[in-house]
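J.: This is the structure alone, sequence omitted:
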């Protein structure tokens, strides 16, 4: 928004030029590199699931009518935020799908 030079009004104030701001590091935070993805994948294979993740996996396997909601509530309590809980739920569902595919193939 360019300033008009008038003291009052929507764009009131001294006439200035907008500076081009550099991109903040936080904007690039979510994109993981190929190397990072590979490292995380290997670590997950070697280490396995943590106890609370195993519990979520068990909840998925037992299912039930409100399983998604219970999983969400449990994950949110452990992880602290809505977004993290949703992503964790989807991750563990993916792990479950891979396990089932492996069992069906074997």
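T.: On my side now, so go ahead. On a predicted model such as this, the values are computed, not experimentally measured, just so you know.
J.: ok, which stretches of the chain are helices?
T.: 34-47, 51-62, 67-79, 82-105 (DSSP state H).
J.: Looking at these, which is nearest to residue 8?
T.: Residue 8 lies closest, by C-beta to C-beta, to one member of the helices of the chain: helix 82-105, at 41.7 Å. Just so you know, the C-beta spots here come from the backbone N, C-alpha and C atoms, and that holds for glycine as well.
J.: quick one: contacts of that closest one?
T.: Around helix 82-105, the neighbours that count as contacts under C-beta atoms under 8 Å, 6 or more residues apart in numbering are 49, 53, 56-57, 60-61, 68, 71-72, 75-76, 79.
J.: Could I get the buried residue list for that helix?
T.: Across helix 82-105, burial judged by 16 or more other C-beta atoms under 10 Å covers 85, 88-89, 92, 95.
J.: Please tell me how far residue 34 sits from residue 58.
T.: Per C-beta to C-beta, to the nearest Å, residue 34 is found 32 Å from residue 58.
J.: Pick out whichever of these two has more residues nearby.
T.: More neighbours surround residue 58 than the other of residue 34 and residue 58, with 12 against 7 (other C-beta atoms under 10 Å).
J.: Any figure for the gap between the more buried one and residue 65?
T.: Between residue 58 and residue 65 the distance is 16 Å, computed by C-beta to C-beta.
J.: As TSV, the buried residues of helix 82-105 with distance to residue 43 and pLDDT would be great.
T.: Output for those, formatted as TSV (distance: C-beta to C-beta, whole Å; pLDDT from 0 to 100):
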residue	distance to residue 43	pLDDT
85	21	96
88	16	95
89	20	94
92	16	94
95	14	91
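J.: wouldn't residue 15 be in contact with residue 6 here?
T.: No. Assessed by C-beta atoms under 8 Å, residue 15 is found out of contact with residue 6, at 9.7 Å.
J.: So what's the residue count around residue 72?
T.: Residue neighbour count, defined by other C-beta under 10 Å, stands at 17 for residue 72.
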